[in-house]
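Chemist: predicted model follows, preceded by the sequence.
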Amino acid sequence: MTGPTGTALRLTVFLGESDLWHHRPVYTEIVHRAHRAGLAGASVFHGVEGFGASSMIHTQRLLSLSEDLPVAVVIVDTEERIRAFLPQLDELVGGGLVTLDHCEVVRHAGPEATG
């Protein structure tokens, strides 16, 4: 059963898996801060190949053995809540890219309870 739809904001943070914040991966810190902030959810996606501002290609192919593969943290919530969270990223994301996209959310309800 499909529930209500609505507009939301998708926050995506692109960074390297070796980016650290006080000896902890930045992506982990972002997820934990998003959780503490009460955001709807956060997911981390591990890339197999990519490049950023440095123009250096990072890949997981065996011959390259990169230790800094791309990572994307994606958070979707209301625009107000996402924008309120942005200042926390200022201190965490030094060498990454932060994007915002408007999106439509479709919520799916679980199976209806049977009596």
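Modeler: Thanks, I have the structure now.

Chemist: list the buried residues in the host helix or strand of Y27.
Modeler: Using DSSP states H and E, Y27 sits in helix 26-36. When neighbours are counted by 16 or more other C-beta atoms under 10 Å, the buried residues of helix 26-36 are found to be V26, Y27, E29, I30, V31, R33, A34. To be clear about C-beta, it is placed using only N, CA and C from the backbone, and glycine gets the same treatment.

Chemist: check stretch 73-86 too.
Modeler: Using 16+ other C-beta under 10 Å as the test for burial, stretch 73-86 gives V73, V74, I75, V76, D77, R81, I82, F85.

Chemist: stretch 20-27 too?
Modeler: So, applying 16+ other C-beta under 10 Å, buried residues of stretch 20-27: W21, P25, V26, Y27.

Chemist: thinking again about what came up before, run through the neighbouring helices and strands of the helix holding Y27.
Modeler: For helix 26-36, the elements it packs on are strand 2-16, strand 42-46, strand 70-77, helix 79-92, judged by 3 or more C-beta pairs under 8 Å, 6 or more residues apart in numbering; DSSP states H and E.

Chemist: which of the ones you listed sits closest to T99?
Modeler: With distances scored as C-beta to C-beta, the stretch of the helices and strands packed on helix 26-36 nearest to T99 is strand 2-16 (4.9 Å).

Chemist: please compute how far the closest one lies from its chain's middle.
Modeler: Average the C-alpha atoms of strand 2-16, do the same for its chain, and the two points are 9 Å apart (C-alpha atoms, centre = their mean, to the nearest Å).
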